[in-house]
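# The amino acid sequence is not available; the structure is as follows:
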């Protein structure tokens, strides 16, 4: 049995995971700097770069058959 996943599903998983990840980044940045402005800046930049990276990472793993039933 092959686990196929539509691109739209990968994209939605990417977005929901990035929301979680960005909130985490924002919180850590705020705790380290005690600056909301810096924390928002860091979170704003990383949300876009990591959405792109995660999407391609997810699609690449879909092509790997190792560990699938």
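All right, it came through fine. Quick caveat, the model's predicted, so the values are computed rather than measured. Numbers count the residues shown, from 1 in each chain.
# do you know how far residue 35 is from residue 50?
21 Å (C-beta to C-beta, to the nearest Å). Just so you know, the C-beta spots here come from the backbone N, C-alpha and C atoms, and that holds for glycine as well.
# which one of those two has more residues nearby?
residue 50 (17 against 12; other C-beta atoms under 10 Å).
# Which residue, neighbours along the chain excluded, lies closest to that one?
residue 18 (5.8 Å; C-beta to C-beta, 6 or more residues apart in numbering).
# how close does the one you found get to residue 9?
15 Å.
# And residue 62, by the same measure?
Taking C-beta to C-beta, one finds residue 62 at 10 Å from residue 9.
# More neighbours: which of those two?
Using other C-beta under 10 Å as the criterion, residue 62 and residue 9 rank with residue 62 on top: 15 against 11.
# Surely that one touches residue 10?
Yes - with contacts counted by C-beta atoms under 8 Å, residue 62 reaches residue 10, the gap being 7.3 Å.
# Tell me where the chain has helices.
7-33, 36-62 (DSSP state H).
# Residue 68: which of the ones you listed is closest?
Nearest to residue 68, of all the helices of the chain, is helix 36-62, at 9.5 Å by C-beta to C-beta.
# what would the helices of the chain look like in a markdown table with distance to residue 68?
Shown next, in a markdown table, are the helices of the chain (distance: least, C-beta to C-beta, whole Å):
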| stretch | distance to residue 68 |
| --- | --- |
| helix 7-33 | 16 |
| helix 36-62 | 10 |
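# Columns mean pLDDT and distance to residue 69 on top of those, output as CSV?
CSV is the format used below for the helices of the chain (pLDDT from 0 to 100; distance: least, C-beta to C-beta, whole Å):
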stretch, mean pLDDT, distance to residue 69
helix 7-33, 90, 19
helix 36-62, 90, 14
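# got a list of what the most centrally placed residue in the chain touches?
Nearest to the geometric centre of the chain sits residue 18, at 3.7 Å (C-alpha atoms, centre = their mean). Applying C-beta atoms under 8 Å, 6 or more residues apart in numbering to residue 18 gives the contacts 47, 50, 51, 54.
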